[in-house]
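Trainee: Fold the following.
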Amino acid sequence: MGSTIAYIGIGSNLGDKLFNCKYAIKKISQLPRCQVARCSAVFKTEPEGVTGQDWYANCVAQVRVTRSPSQLLKGLTEIESDMGRVRRKRWEARIIDLDILLFGQEVIESDNLIIPHPLLHKRRFVLEPLSQLAPHLVHPVLKLTISQLLNKLSRGPFVQLLNNAAIEDAVRD
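Mentor: Reported below is the predicted structural model:
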């Protein structure tokens, strides 16, 4: 199997959010046949689709993988579980959330995995950090670049750039 570039969305809104994101990146880099190449800055983001939750820390990691999308998903789910994530209901507060946003130019639709992520093009908290890493990357279904998708968004939930030193350290560790 050849190498593929995948983009992983990372978010946390419980506990030490920056630490959680940094720790998740470190754990991703320890998955077999995964190498974290780069990470975006961290963004402070308003929860979307729910009320009464604390803000999120969100970023995106660019990962070089030589494993299948389903193997990557299994590894990410194990990291979430090891970090204490318990799935009870959709869009609840979480210590960590790891989503495969893109996996090369693959389009996958199965019971437990949809790539590209079905809401990627609607979420500023995903598109802002993703555009830092790959502004000219073309969405395999919509055939627009990440920058174009970001520019098409109307004003939405609050997204603010935070200090990214903690995330840069995670890639080097």
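Trainee: Give me the below-cutoff pLDDT ranges for the chain.
Mentor: For the chain, the stretches flagged by pLDDT under 70 are 1, 89-91, 156-158, 163-173.
Trainee: In terms of helices and strands, where is the closest residue to residue 40 other than its chain neighbours?
Mentor: Distances taken as CB to CB, 6 or more residues apart in numbering put residue 129 closest to residue 40, at 3.4 Å, once the chain neighbours are dropped. C-beta here means a position set from N, CA and C on the backbone, and glycine is covered the same way. For residue 129, the host element (DSSP states H and E) is helix 124-133.
Trainee: by contact count, what packs against that helix?
Mentor: Applying 3 or more CB pairs under 8 Å, 6 or more residues apart in numbering; DSSP states H and E, we find helix 124-133 packed against strand 4-12, strand 43-45, strand 56-65, helix 146-152, strand 159-161.
Trainee: Deepest-packed of the ones you listed, please.
Mentor: strand 56-65 (a mean of 25; mean count of other CB atoms under 10 Å).
Trainee: Residue 35 contacts residue 61, correct?
Mentor: No: using CB atoms under 8 Å, residue 35 makes no contact with residue 61, being 10.4 Å away.
Trainee: Redo the helices and strands packed on helix 124-133 as TSV? Include distance to residue 139.
Mentor: Shown next, in TSV, are the helices and strands packed on helix 124-133 (distance: least, CB to CB, whole Å):
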stretch	distance to residue 139
strand 4-12	11
strand 43-45	20
strand 56-65	14
helix 146-152	6
strand 159-161	19
